[in-house]
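**Student:** Below are the sequence and a predicted model for it; my questions follow.
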Amino acid sequence: MLRRLIAGAAVLAAALTTLATTPAAAADAPLRELAEARGRYLGTAVTAGKLTGGYADLAAAQFNSITPGNEMKWGSVEPTRGTYDWTGADRVVAFAEAHGQRVRGHTLVWHSQLPSWVSGGTWTADRLRTLMTDHITAQAGRYKGRIDHWDVVNEPLNEDGTLRQSVFGATLGESYIADAFRAARAADPAAKLYLNDYSTDGVGAKSDGMYALVKRLLAQGVPVDGVGFQAHLVLGQVPASLETNLRRFAELGVDVAITELDIRMTLPATDAKLAQQKADYASVLRACLAVTRCAGVTVWGFTDSDSWIPDFFPGQGAATPYDESLAPKPARAGIAETLAPVTPPSPGVCSVTYAVTSQWTGGFTAQVTLRNTGTAALNGWTVRWSQPAGQRVTQAWNAAVTQTGAEVTAANLSYNATVPPGGSVSFGFNGAWSGTNPPPAAFTCG
Ligand code: XIL
């Protein structure tokens, strides 16, 4: 058989086929998509009664996790003993499910927003424990399989890190926490079970207390899956140790999450304050991204019209990423920019070299080399071209090559999917030709 080596090679720069994502584009992308691409969720607390119109549209479009702001608290679901009202909670869960969102259940056991029949009652330890676990069984059981995270116990600690003497702490001691988690696990085995508190965001006496508590619970085999950090923060005062603190909990073997983020300022808001707030939101998001076990971030209300801050901190407000008329504030851009892809692909990230290395009557062998000319690794690649003179690929190696009409697509195999910046990967094929065998005019790769 006559074989003739064709020396010429065609070097053709290729255009990127995937959509380029830049930080500017990220600013317009839905926050939930940006978060998803970074392996995190972005959530918001909502008010069931407001889930219509523009408020509902934004909540659905921008967030992929929903927390009922009040509707799952004991006082909301069982205001009088034995009479349950699930209306608000059901509405929030249905909304989330209709929009492909997860639900953070908030909260099963908390000293606040308790019905007065619980907080004002006189209970023996046994009676209160049963009351508490019955409540958990009823509520977590009702939503079994539909809740991503449950805040099983909320705000168990005092500022100095000791056990809060709530009706539960005072009557039952620390054991109520273990009992609550066990009851929640039994009622909904799929939900991740969280312990949640405020002022535990940075390293300090209270978070040291939380750290020791979680360690003790884990040592006893209590099913604690995660620790929530509420992060009700003050403008310009994001704790410098936030990331370190999240990391030390993660290293105990639990997930962590920012569960109630808002960043309040003294009113009125000014451009300078809003710029500081943008930086503050960005640092909180960065801390979560830096810790692998940080599951996500929830803002406590996404609009300033739906925030608890003005009611609870007189003179303070403007704490959320959207203003009272649902317009995005700089803080929203701070979130988007922080969640933007780390190394956005840019046009012209690869080039293709094509060489016919051997040719004989009716057949030829070609080698194709893809070079990564970008700054990010390619994780999976394809090279496409069209055969100019009716050539047909008959056999290929080091790539999965398919041909439809004149159009050829070569995709990576599992062992050569990754191409580092500056690196290259080659594959080859045998083809059939007749008449002439010119090289393809252009390639696309990416
Ligand atoms: C707040 C709600 O947002 C308000 O509407 C309600 O009046 C009081 O509670 N820590 C928590 C949340 O765990 O449940 C609180 O939510 C805010 C502080």
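**Tutor:** Perfect, thanks for sending it. Numbers count the residues shown, from 1 in each chain.

**Student:** what residues does the protein put near the ligand?
**Tutor:** Contacts of the chain with the ligand, taken as CB under 6 Å from any ligand atom, map to 69-70, 154, 230, 260, 308. For every residue, glycine as well, the C-beta is placed using N, CA and C.

**Student:** In TSV: the residues you listed, plus distance to Leu34, neighbour count and secondary structure.
**Tutor:** Listed next are these as TSV, based on distance: CB to CB, whole Å; neighbours: other CB atoms under 10 Å; DSSP: H, G, I helix; E, B strand; the rest coil:
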residue	distance to Leu34	neighbour count	secondary structure
Gly69	24	23	coil
Asn70	28	18	coil
Asn154	28	23	strand
Gln230	23	21	coil
Glu260	21	27	strand
Trp308	26	17	coil
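
**Student:** Any chance of TSV for the residues you listed, columns pLDDT?
**Tutor:** As requested, the residues of the chain next to the ligand are exported to TSV (pLDDT from 0 to 100):
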residue	pLDDT
Gly69	98
Asn70	98
Asn154	98
Gln230	98
Glu260	98
Trp308	98
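
**Student:** Tell me the residue of this protein that sits nearest the ligand?
**Tutor:** Residue of the chain nearest the ligand, by CB to the nearest ligand atom: Trp308 (3.5 Å).

**Student:** which residues sit in contact with that residue?
**Tutor:** 69, 300-301 (CB atoms under 8 Å, 6 or more residues apart in numbering).

**Student:** If we use 6 Å, what do you get?
**Tutor:** Residues counted as contacts of Trp308 (CB atoms under 6 Å, 6 or more residues apart in numbering): none.

**Student:** quick one: the lengthiest helix in the chain to chain centroid distance?
**Tutor:** Across the chain, the helix with the greatest residue count (assigned by DSSP state H) is helix 271-290. Centroid displacement of helix 271-290 relative to its chain, using CA atoms, centre = their mean, to the nearest Å, is 17 Å.

**Student:** Stretch 396-409 now?
**Tutor:** Centroid separation for stretch 396-409 versus its chain: 37 Å, with CA atoms, centre = their mean.

**Student:** got it, and stretch 151-165?
**Tutor:** Counting by CA atoms, centre = their mean, stretch 151-165 comes out at 27 Å from the chain centroid.

**Student:** what about that stretch, start to end distance?
**Tutor:** End-to-end distance for stretch 151-165: 19 Å, by CA to CA, to the nearest Å.

**Student:** Glu337 looks like it's in a helix, true?
**Tutor:** Yes - if the criterion is DSSP: H, G, I helix; E, B strand; the rest coil, then Glu337 is within a helix.

**Student:** and it, how many neighbours?
**Tutor:** Neighbourhood size, Glu337 [other CB atoms under 10 Å]: 17.

**Student:** For Phe63, give its distance to Cys445.
**Tutor:** 36 Å (CB to CB, to the nearest Å).

**Student:** whoops, Trp74 was the one
**Tutor:** Trp74 is 58 Å from Cys445, by CB to CB.

**Student:** Quick one: low-confidence residue ranges for this structure.
**Tutor:** Applying pLDDT under 70 to the chain flags the ranges 1-27, 343-348.

**Student:** Walk me through the domains of it.
**Tutor:** By the assignment in automatic domain parsing, the chain contains the domains 11-20+343-444, 26-340.

**Student:** Would you mind finding the most buried of those domains?
**Tutor:** Of all the domains of the chain, domain 26-340 has the most neighbours on average by mean count of other CB atoms under 10 Å, namely a mean of 19.

**Student:** which other residues reach stretch 61-72?
**Tutor:** Stretch 61-72 has contacts (CB under 6 Å, 6+ apart) with 30-32, 41-48, 76, 88-89, 92, 96, 101-106, 298.

**Student:** how long is stretch 141-151 end to end?
**Tutor:** End to end - CA to CA - stretch 141-151 spans 14 Å.

**Student:** let me redo that: stretch 245-263
**Tutor:** End to end - CA to CA - stretch 245-263 spans 19 Å.

**Student:** next one: it to chain centre, how far?
**Tutor:** Distance, centroid of stretch 245-263 to centroid of chain: 13 Å (CA atoms, centre = their mean).

**Student:** ok, now stretch 52-69?
**Tutor:** Distance, centroid of stretch 52-69 to centroid of chain: 16 Å (CA atoms, centre = their mean).

**Student:** now do stretch 117-136
**Tutor:** For stretch 117-136, the distance to the chain centre is 36 Å (CA atoms, centre = their mean).

**Student:** what do you get for stretch 382-399?
**Tutor:** 40 Å.

**Student:** Next: stretch 90-104.
**Tutor:** The answer for stretch 90-104 is 16 Å, by CA atoms, centre = their mean.

**Student:** what does that stretch rub up against?
**Tutor:** 48, 51, 60, 64-68, 71, 146-149.

**Student:** and these as a markdown table, adding secondary structure?
**Tutor:** Shown next, in a markdown table, are the contacts of stretch 90-104 (three-state DSSP):
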| residue | secondary structure |
| --- | --- |
| Ala48 | helix |
| Leu51 | coil |
| Ala60 | helix |
| Asn64 | coil |
| Ser65 | strand |
| Ile66 | strand |
| Thr67 | strand |
| Pro68 | strand |
| Glu71 | coil |
| Arg146 | coil |
| Ile147 | coil |
| Asp148 | coil |
| His149 | strand |
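
**Student:** which of those lies closest to Ser119?
**Tutor:** Relative to Ser119, the closest of these is Glu71; by CB to CB it sits at 19.0 Å.

**Student:** Next up, identify which helix or strand the residue nearest to Arg81 when sequence neighbours are not counted is on.
**Tutor:** Once flanking residues are discounted, Arg81 sits nearest to Trp117: 5.0 Å by CB to CB, 6 or more residues apart in numbering. Using DSSP states H and E, Trp117 sits in helix 116-119.

**Student:** from the middle of its chain, how far away would stretch 284-294 be?
**Tutor:** Counting by CA atoms, centre = their mean, stretch 284-294 comes out at 10 Å from the chain centroid.

**Student:** my bad, should have said stretch 216-232
**Tutor:** Worked out by CA atoms, centre = their mean, stretch 216-232 lies 20 Å from the chain centre.

**Student:** measure that stretch end to end?
**Tutor:** Stretch 216-232 end-to-end distance (CA to CA) = 26 Å.

**Student:** wait, Asp323 sits on Asp304?
**Tutor:** Yes - under the criterion of CB atoms under 6 Å, Asp323 makes contact with Asp304 at 5.3 Å.

**Student:** Which residue, neighbours along the chain excluded, lies closest to Ala240?
**Tutor:** That would be Gly202: by CB to CB, 6+ apart, it lies 7.0 Å from Ala240.

**Student:** Please read the previous query as pertaining to Ala59.
**Tutor:** Closest to Ala59 by CB to CB, 6+ apart is Val46, at 5.5 Å.

**Student:** Next, that neighbour: phi, psi?
**Tutor:** Here is the backbone geometry of Val46 (degrees, to the nearest 10): phi -130, psi 160.

**Student:** does it have beta-bridge partners, and which?
**Tutor:** Pro68 (DSSP bridges).
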